[in-house]
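**Student:** Okay, predicted coordinates and the sequence, questions at the end:
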Amino acid sequence: MNASPTADRPQLSILVAAPRGFCAGVERAIQIVELALQKHGAPVYVRHEIVHNRFVVDSLKAKGAVFVKELDEVPDGAQVIFSAHGVPKAIPATAQSRGLDWLDATCPLVSKVHRQAERLVQQGKHILFVGHAGHPEVIGTFGQVPEGAMTLIETVEDAESVSPPTADLGFLTQTTLSVDDTADIVATLQRRFPSINGPKGEDICYATSNRQTAVKAIARSCELVLVIGAENSSNSQRLREVAAREGAQAHLIQRAEFIDWSWFEGVRMLGITAGASAPEVLVQEVIDAVRTRFEVSVQEVTTATEEVVFKLPRALIDA
């Protein structure tokens with residue numbers, strides 16, 4: 001009897017986290033660009049990466065989207081879209097003053113944080129904002145309020161040492177943070193400033209929380225976890241950190257070609273997840289790449305079901 005063509009390949013079990021990949025905010029942002037291209041034709045300009053994923057950005061470029069760093073790169077009369085991470089108030093104001101036709105693809109959950117920041121400042125409160133310096137979402141949120149109205153808190157150490165200019169305080173958080181880390185920071189702020197005003201609901205978005213819960217569930221059983229996402233994707237980086245804390249060797253990769261096969265030495269159980277900006281096609285690409293070297297069994301581990309859908313801008317719905 002002839003040997004099986006897979007007989008020389010080692011066995012490997014794969015646990016695939018669910019939920020994973022695209023969230024409702026990312027799907028909405030991509031759809032805004034695609035519908036704008038259908039309505040206006042190419043080119044349509046996008047300020048910054050619409051979402052933090054090179055595959056998505058390159059796919060939209062191929063359809064006629066032009067990505068720019070700042071509005072001064074956008075020609076007069078052109079269509080421009082703002083990314084899902086949100087922008088300072090000055091950006092749409094500048095677009096308006098130039099007569100640009102603009103659409104805002106900011107995730108509605110980020111926009112909610114923007115409105116919360118405005119309300120806290122209107123109430124005379126100084127805001128302690130938990131987030132990562134330089135992230136577009138943080139820059140956009142700081143740009144909703146007057147300069148000096150917010151102080152950035154990145155770590156528990158920051159929370160312990162901060163000396164705000166007033167005792168009348170509020171706090172808000174970036175939507176893509178580590179749930180566990182943020183809880184520690186918020187607990188520190190609440191201990192130090194018992195009267196601090198926090199958001200009524202959780203600022204960390206449902207998709208970030210769900211994906212972290214799902215990767216925790218698989219990482220406990222895995223020697224290796226691959227997180228598919230971009231290096232500049234905050235929620236993807238947090239997934240890698242969560243998996244590592246559960247004891248797994250964890251790596252963030254953009255797609256299958258970035259796999260280092262030396263990671264697989266001694267691995268019998270592989271976990272796979274994807275950040276909120278990573279399309280499912282890249283998950284399947286990684287699984288297919290693993291199949292070329294291992295005899296695999298694949299099991300999806302589901303910890304939540306997501307049915308969230310965000311409305312599109314009225315201008316595109318009417319079109």
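**Tutor:** Thanks, I have it.
**Student:** What are the boundaries of the strands in the chain?
**Tutor:** 11-18, 44-47, 65-68, 79-82, 101-104, 126-130, 150-153, 169-173, 224-228, 249-253, 269-274, 295-302 (DSSP state E).
**Student:** can you redo those strands as TSV with mean pLDDT?
**Tutor:** Output for the strands of the chain, formatted as TSV (pLDDT from 0 to 100):
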stretch	mean pLDDT
strand 11-18	98
strand 44-47	98
strand 65-68	98
strand 79-82	96
strand 101-104	95
strand 126-130	98
strand 150-153	98
strand 169-173	97
strand 224-228	98
strand 249-253	98
strand 269-274	98
strand 295-302	98
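**Student:** right, and those - which one's nearest residue 210?
**Tutor:** strand 11-18 (9.1 Å; CB to CB). Using the backbone N, CA and C atoms, a C-beta is placed for each residue, glycine as well.
**Student:** hmm, who's touching the closest one?
**Tutor:** Applying CB atoms under 8 Å, 6 or more residues apart in numbering, the contact partners of strand 11-18 are 211, 214-215, 217-218, 221-222, 264, 267-273, 283, 287, 290, 294-304.
**Student:** In that strand, which residues are buried?
**Tutor:** For strand 11-18, the neighbour count (16 or more other CB atoms under 10 Å) marks 12, 13, 14, 15, 16, 17, 18 as buried.
**Student:** beta partners for the fourth one?
**Tutor:** Bridge pairing for residue 15 (DSSP bridges) gives the partners residue 271, residue 299.
**Student:** Any quick ChimeraX command for the buried ones out of the contacts of strand 11-18?
**Tutor:** Remark: buried members of those, expressed as a ChimeraX selection using 16+ other CB under 10 Å:
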select :211,214,215,217,218,221,222,264,267,269,270,271,272,273,283,287,290,294,296,303
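**Student:** tell me the domain ranges of the chain?
**Tutor:** Per automatic domain parsing, the structural domains of the chain span 11-22+206-302, 24-107, 109-192.
**Student:** So, low pLDDT: which residues of this structure?
**Tutor:** Low-confidence segments of the chain (pLDDT under 70): 1-7, 319.
**Student:** where exactly do the helices run in it?
**Tutor:** Under the criterion DSSP state H, the chain contains helices at 24-40, 54-63, 90-98, 108-122, 136-142, 156-161, 179-192, 206-219, 234-245, 280-291, 314-318.
**Student:** Adding distance to residue 47, write the ones you listed out as CSV.
**Tutor:** Listed next are the helices of the chain as CSV, based on distance: least, CB to CB, whole Å:
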stretch, distance to residue 47
helix 24-40, 12
helix 54-63, 13
helix 90-98, 7
helix 108-122, 15
helix 136-142, 10
helix 156-161, 29
helix 179-192, 28
helix 206-219, 23
helix 234-245, 19
helix 280-291, 25
helix 314-318, 17
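**Student:** Quick one: closest of these to residue 259.
**Tutor:** Among the helices of the chain, helix 280-291 sits nearest to residue 259 (CB to CB), with 6.2 Å.
**Student:** Restricting to C-alpha, output that closest one in CSV.
**Tutor:** What follows is helix 280-291, C-alpha atoms only, in CSV (Å, rounded to 0.1, in the frame of the first residue of the first chain):
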residue,chain,number,x,y,z
GLU,A,280,-10.9,36.9,7.1
VAL,A,281,-9.1,36.1,3.9
LEU,A,282,-5.7,36.6,5.7
VAL,A,283,-6.8,34.2,8.4
GLN,A,284,-7.6,31.5,5.8
GLU,A,285,-4.3,32.3,4.1
VAL,A,286,-2.4,31.5,7.3
ILE,A,287,-4.3,28.3,7.9
ASP,A,288,-3.6,27.2,4.3
ALA,A,289,0.2,28.0,4.8
VAL,A,290,0.2,25.9,7.9
ARG,A,291,-1.5,23.0,6.0
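**Student:** Quick one: list the elements packing against it.
**Tutor:** strand 11-18, strand 224-228, strand 269-274, strand 295-302 (3 or more CB pairs under 8 Å, 6 or more residues apart in numbering; DSSP states H and E).
**Student:** Partner strands of the shortest one and their direction?
**Tutor:** Next to strand 224-228 in the sheet, as set by DSSP bridges, lie strand 249-253 (parallel), strand 269-274 (parallel).
**Student:** Report the contact partners of residue 158.
**Tutor:** By CB under 8 Å, 6+ apart, the contact set of residue 158 is 152, 185.
**Student:** Can you give me the distance of it to residue 131?
**Tutor:** As defined by CB to CB, to the nearest Å, residue 158 lies at a distance of 11 Å from residue 131.
**Student:** ditto for residue 23
**Tutor:** In terms of CB to CB, residue 23 sits 18 Å off from residue 131.
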